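1. need coordinates for the following:
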Amino acid sequence: MSRKPGRILEVLPNSRFVCEVEEAGAVHCHVSGEMRLQVVRLLPGATVSVEISPLDPSKGRIVAATEARGRVES
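-> Predicted structure coming up:
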């Protein structure tokens with residue numbers, strides 16, 4: 001899986017997000033297991049690190065929250 005920086009565009013139900021990733025466009029993402037344990041609140045506009053699936057480049061996994069426009073709460 002390739003890890004790329006991205007930005008959250010939209011929050012969807014069930015811990016899913018639409019992220020804008022360089023070179024890949026809009027990617028539907030879910031939160032990784034490590035981030036679920038840390039209980040991080042992700043808001044639209046937050047900068048995140050996304051792992052994109054090699055089999056389906058329209059899907060990915062958020063592995064780290066690097067910065068937030070509003071705030072990343074833990």
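2. quick one: the strands in the chain?
-> Taking DSSP state E as the criterion, the chain contains strands spanning 2-12, 16-21, 25-31, 47-52, 59-67.
3. which ones are touching Ser58?
-> With contact taken as C-beta atoms under 8 Å, 6 or more residues apart in numbering, Ser58 is in contact with 26-28. No exception for glycine: its C-beta is placed from N, CA and C like everyone else's.
4. tell me, what residue is most central in the protein?
-> Among the residues of the chain, the one closest to the centroid is Ile62, at 3.7 Å (C-alpha atoms, centre = their mean).
5. pLDDT score assigned to that residue?
-> On pLDDT, Ile62 comes in at 95.
6. can you name the residues bridging to it?
-> With DSSP bridges as the criterion, Ile62 is bridged to Val31, Val50.
7. ok, it - contacts?
-> Under the criterion of C-beta under 8 Å, 6+ apart, the neighbours of Ile62 are 17, 19, 29-32, 35, 42, 48-50.
8. on that earlier part again, tell me which of the strands of the chain is the most buried.
-> strand 47-52 (a mean of 20; mean count of other C-beta atoms under 10 Å).
9. end to end on stretch 19-28, go ahead and measure it.
-> Terminal residues of stretch 19-28 are spaced 6 Å apart (C-alpha to C-alpha, to the nearest Å).
10. tell me the mean pLDDT for it?
-> Here the average pLDDT along stretch 19-28 is 92.
11. any idea how far that stretch is from the middle of the chain?
-> 10 Å (C-alpha atoms, centre = their mean, to the nearest Å).
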